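1. Dropping a prediction and its sequence here:
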Amino acid sequence: MARGPGEQRGEDDRDGIGGETVAIGTDERRMQVRAYNHWIALLRGQSCPAIADLDPAGIADFGPYSVLLDFTAGVADPAIRFLGHALRTECGADDSITRLSEVPARSLLSRLTDHYLQIIANRAPIGFEAEFTGTRGFPMMYRGILMPFSSDGEAIDYLYGVINWKEVVDAATQSQLLAELEESRRVTPRPTPGAAVWADGPSAGLSDLGTDSDTLADRLATARTAADGARLAGGGAPGALVEALAQAHDLVIAAGREPAAFAALLDDAGMPPVTDTPVESVARLVFGGARLADHVALLGAARRHGVAEGGFGTWVAVHPGGLPALVADAAPPPSPTDHARMAQAVATVPIAPGDDEFVLLLARAAGSGSVAVLGRVDGDPATLTRAIAQLAA
């Protein structure tokens, strides 16, 4: 397996021998994380960074693996305003290539058409990964991130992409590469281990992630400020919502470390103590009742996946489909009560319903496939719950 240009061996790499499929390792993730951090740093309080603030040629780290697409003339065939030399070499592009439609059909850049319309629609960065057969006939696995930019603060008319890749080669080439790699390891001193992939998390350079000296009240105030900003920005700024969720996620982790302090925080807010995990309580404290189920589902999913403090935004950015896909994946299935609310009524009967949302009615079979409703039955809550569950089954 040949590694992509500029790539080092990562802990998650699993080498394929003789053409086996290989997992994309953590180094590509780190490149995505650094690119996302750069995008976050350019936000400067806006819902989308200004294209005037982006200088791809001046980014030595991931600039060679990046491309800038210009959609100001329409989305059908964007212009290429910048193409890093590593990507240019991979796709065999020369200076005559100025539009995405002009790149070779089996190059990495040709794959961007699968993703860019989704970014424009969602107005937020989205990570992606896939495999295809490259120009040299070998399977190629790639990972990337596309990030929106704006020329006027409103329209998404530029996209900046950063992509890295691996290529699976034949057994002879594989053996030669492994021998060269082993020799390199033998003569090269072992480097000091670098930071984990989540260490340079998505909010680096934008907001305080919280330190050990921050109180839970400080963290809650920061999270509520971010949530207020997301509400003011509305659906047109998903990056603001991600930032608010990231602050809430960090508060969940901090609350787990300081259960007594969190219990006192809940008591001050007039909320009942936590009985299991602080996820729902944090969601209520930060966001109130608006879209509570979605926020609880997302924070719960991050907790189950072991997302570290400061890592929520990166978790969203590298997930194929971004925040919308995570919301769909994390959404809890409809409850029996939800099914009952959505069920189509078979008839409307003029009987006073009382104060409860659901009531029980007693009916007598009247023959010919119909029933005669006799009246309302005052059942206990357990009986009503069983009836709703049976209706949803």
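-> Yep, it's here.

2. where does this protein have low pLDDT?
-> Counting by pLDDT under 70, the chain contains low-confidence residues at 1-29, 113-114, 132-138, 167-214, 232-238, 275-276, 330-344, 353-355, 392-393.

3. Can you show me the helices along it?
-> With DSSP state H as the definition, the chain shows helices at residue ranges 26-41, 85-91, 116-122, 171-187, 216-233, 238-257, 259-268, 279-287, 292-304, 312-318, 322-330, 336-342, 381-392.

4. what's the span of stretch 105-115 from first residue to last?
-> Using Cα to Cα, to the nearest Å, the end-to-end distance of stretch 105-115 comes out at 16 Å.

5. any idea how far it is from the chain center?
-> Remark: stretch 105-115 is offset 22 Å from the chain centroid, using Cα atoms, centre = their mean, to the nearest Å.

6. Buried residues in that stretch, which are they?
-> Along stretch 105-115, these residues count as buried under the neighbour rule (16 or more other Cβ atoms under 10 Å): 106-112, 115. All C-beta spots, glycine's among them, are computed from the backbone N, C-alpha and C.

7. next one: stretch 45-61
-> When burial is assessed from 16+ other Cβ under 10 Å, stretch 45-61 yields the following buried residues: 47-51, 54, 56, 59.

8. Please report the distance of Phe287 from Leu265.
-> Counting by Cβ to Cβ, to the nearest Å, the gap between Phe287 and Leu265 amounts to 16 Å.

9. How about Arg291?
-> The separation that Arg291 has from Leu265, given Cβ to Cβ, amounts to 22 Å.

10. More neighbours: these two, which one.
-> Just comparing Arg291 and Leu265: by other Cβ atoms under 10 Å the higher neighbour count belongs to Leu265, 22 against 14.

11. For that one, which non-adjacent residue is spatially closest?
-> Of all residues beyond its chain neighbours, the one nearest Leu265 is Leu216 (5.2 Å), with distances taken as Cβ to Cβ, 6 or more residues apart in numbering.

12. TSV for the buried residues of stretch 105-115, including distance to Ala328?
-> TSV is the format used below for those (distance: Cβ to Cβ, whole Å):
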residue	distance to Ala328
Arg106	31
Ser107	31
Leu108	27
Leu109	28
Ser110	28
Arg111	23
Leu112	23
His115	17
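
13. Check those and tell me the two furthest apart.
-> The most widely separated members of the buried residues of stretch 105-115, counting by Cβ to Cβ, are Arg106 and His115 (16.8 Å).

14. rewinding a little: which ones are touching the residue nearest to Leu265?
-> 251, 254-255, 258, 261-262, 265 (Cβ atoms under 8 Å, 6 or more residues apart in numbering).

15. likewise Pro104?
-> Contact criterion Cβ under 8 Å, 6+ apart gives 91-93, 110, 135 as the residues in contact with Pro104.

16. measure it to Asp55 for me?
-> In this structure, Pro104 and Asp55 are 27 Å apart, going by Cβ to Cβ.

17. Near the residue nearest to His295 when sequence neighbours are not counted, how many residues? Count them for me, please.
-> The shortest distance from His295 to any residue that is not its chain neighbour, by Cβ to Cβ, 6+ apart, is 4.4 Å, and that residue is Ala283. Number of residues near Ala283 (other Cβ under 10 Å) recorded here: 26.

18. Show the contacting residues for Ala283.
-> Taking Cβ under 8 Å, 6+ apart as the definition, contacts of Ala283 comprise 248, 292, 295-296, 299.

19. that older thread, quick one: buried ones out of the contacts of Leu216?
-> The neighbour-count test (16+ other Cβ under 10 Å) marks 251, 254-255, 262, 265 as buried among the contacts of Leu216.

20. any idea how far the residue nearest to His295 is from Asn164?
-> 35 Å.

21. How about Cys91?
-> 14 Å.

22. The two: which has the busier surroundings?
-> Between Cys91 and Asn164, counting by other Cβ under 10 Å, Asn164 is the more crowded of the two (29 against 18).

23. That one against Arg143, yeah?
-> Yes - contact between Asn164 and Arg143 holds when scored by Cβ atoms under 8 Å: they sit 5.9 Å apart.

24. Look up the closest residue to Leu374, ignoring the ones flanking it.
-> In this structure, Leu374 finds its nearest non-sequential neighbour in Leu362, 4.8 Å apart by Cβ to Cβ, 6+ apart.

25. For burial, what's the neighbour tally of that neighbour?
-> 12.

26. Which residues are in contact with it?
-> The neighbours of Leu362, taking Cβ under 8 Å, 6+ apart as the test, are 373-377.

27. so which of the residues you listed comes closest to Ala227?
-> Among the contacts of Leu362, Arg376 lies closest to Ala227 (Cβ to Cβ), at 42.6 Å.

28. Stretch 328-345: end-to-end distance?
-> By Cα to Cα, the extent of stretch 328-345 from end to end equals 28 Å.

29. Kindly report the same for stretch 147-157.
-> The first-to-last residue distance of stretch 147-157 comes to 11 Å (Cα to Cα).

30. Show me what counts as buried in it.
-> Across stretch 147-157, burial judged by 16+ other Cβ under 10 Å covers 147-150, 156-157.

31. same question, stretch 34-47
-> In terms of neighbour count (16+ other Cβ under 10 Å), stretch 34-47 has its buried residues at 34-40, 42-43, 47.

32. Return the distance of it from the chain's centre.
-> Stretch 34-47 has its average C-alpha position 15 Å from the chain's average C-alpha position, going by Cα atoms, centre = their mean.

33. first vs last residue of that stretch, how far apart are they?
-> End-to-end distance of stretch 34-47 (Cα to Cα): 19 Å.

34. same deal with stretch 66-85?
-> Distances were taken as Cα to Cα; on that basis the terminal residues of stretch 66-85 are 9 Å apart.

35. And it, how far out from the chain middle?
-> 24 Å.

36. Return the member of the contacts of Pro104 nearest to Gly321.
-> When the contacts of Pro104 are ranked by distance to Gly321 (Cβ to Cβ), Ser110 comes first, at 20.5 Å.
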